[in-house]
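Engineer: from the sequence below, what's the structure:
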Amino acid sequence: MELRQLRYFLSVLECGSLGRAALETGVGVSALSQQLTKLECELSTRLLTRSSVGVTPTAAGLAFEYHARLTLRQAHYAVLAARSGRMSGYASVGMAPTTASVLGLALIARMRERYPDIRLHLVEMLSGYLVNQLNTRHLDVAVLFQQEAGMRLDVRPLLEERLFALVPLALVKADWGPSLTLQQIASLPLVMPSAQHGLRATLRAILERVGLDATIVMEVDGLSLLMECVSAGHAATIQPGATVARATQAGLRVFSIDDPQAQRRNLVVSLADDELSPAALATRIVLHEVSRELVQQERWPGARLL
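Structural biologist: Have a look, this model is predicted:
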């Protein structure tokens, strides 16, 4: 099988006829037809149905089309990499705001140091939105908190983060110790992201395990505004260790949660390897590497490597 045969096949599909594809590729109709026949013989299946009104793909042809396009794209990336002599290209990475506050700058610095010719696009949004961005192929890689059912997504464990209760002084009870039980957490008025987001789903699962429900008094899908609501005394919130420094600066009380399950799992979720460019594959490796270093150097509060 040759790359030119794949190009001819795709050109015929796009043009809808051998004649127009021949003009498009600069190859004679007879030579084009011979190459397609040779390809079908090698595959032992009919890819195209020829008729007086044009050419249409068979079921096998439709299945073959996806992989043909993917093969040509990867061949193009290989040519670019060989010509440049070093890694280049584009990679898009999505993170929730709490993750970005710890990992974002560290990832940027390492990528600038190791792969200065890769153009890195970082997207900061809540995890529920990141899933949609992955499934629509607007992101290559994202850090998520629950395993989503997506189309051909690669899921790899990264780390676990302890969760903390951030409580405005007006809601703190005099008899509380340094940690709160799940019963105390359930009794607190909470402001949290809406239901489709990972942190909310994690809190729900923790409480449901012991037959409790969270008391959600408002939903805010944005970390800055959510923290302002807590600082203003409207409600408490549950957040990972990355927000502890911000909470302390805002004058909030930070309580650990007296339950070993009060943590969230971080997963690196990406498109399948055969869909990722070399630049995106390299970026995923660096993301894992930088995360490990941040945890080992105790620069990711409350985190434990998986």
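
Engineer: going forward, measure contacts and count neighbours with C-alpha atoms only.
Structural biologist: OK.

Engineer: can you give me the helices in the stretch 1-150 of the chain?
Structural biologist: Taking DSSP state H, counting those that start in this stretch as the test, the helices found in the stretch 1-150 of the chain are 3-15, 18-25, 29-43, 59-84, 97-114, 127-135.

Engineer: contact partners of stretch 238-246?
Structural biologist: 98-99, 101-102, 161-166, 190, 192, 199, 203, 254, 263-264, 300-303 (CA atoms under 8 Å, 6 or more residues apart in numbering).

Engineer: next one: that stretch to chain centre, how far?
Structural biologist: With CA atoms, centre = their mean, to the nearest Å as the basis, stretch 238-246 stands 22 Å off its chain's centre.

Engineer: which positions in that stretch come out as buried?
Structural biologist: Ile238, Gln239, Pro240, Gly241, Ala242, Thr243, Val244 (16 or more other CA atoms under 10 Å).

Engineer: so which strand or helix has the last one?
Structural biologist: In this structure, Val244 sits in helix 244-249 according to DSSP states H and E.

Engineer: before we move on, what about Val268?
Structural biologist: strand 263-271.

Engineer: tell me the mean pLDDT for that strand?
Structural biologist: Averaging pLDDT along strand 263-271 gives 94.

Engineer: do stretch 16-25 as well
Structural biologist: Here the average pLDDT along stretch 16-25 is 87.

Engineer: please save the CA atoms from it in PDB.
Structural biologist: Output of stretch 16-25 as PDB, limited to C-alpha atoms (Å, rounded to 0.1, in the frame of the first residue of the first chain):
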ATOM      1  CA  GLY A  16     -17.300  12.100  -6.700                       C
ATOM      2  CA  SER A  17     -15.900  10.900 -10.000                       C
ATOM      3  CA  LEU A  18     -12.700   9.600 -11.500                       C
ATOM      4  CA  GLY A  19     -12.600  12.300 -14.100                       C
ATOM      5  CA  ARG A  20     -12.700  15.200 -11.700                       C
ATOM      6  CA  ALA A  21     -10.200  13.400  -9.300                       C
ATOM      7  CA  ALA A  22      -7.900  12.900 -12.300                       C
ATOM      8  CA  LEU A  23      -7.900  16.700 -13.000                       C
ATOM      9  CA  GLU A  24      -7.400  17.400  -9.300                       C
ATOM     10  CA  THR A  25      -4.400  15.100  -8.900                       C
END
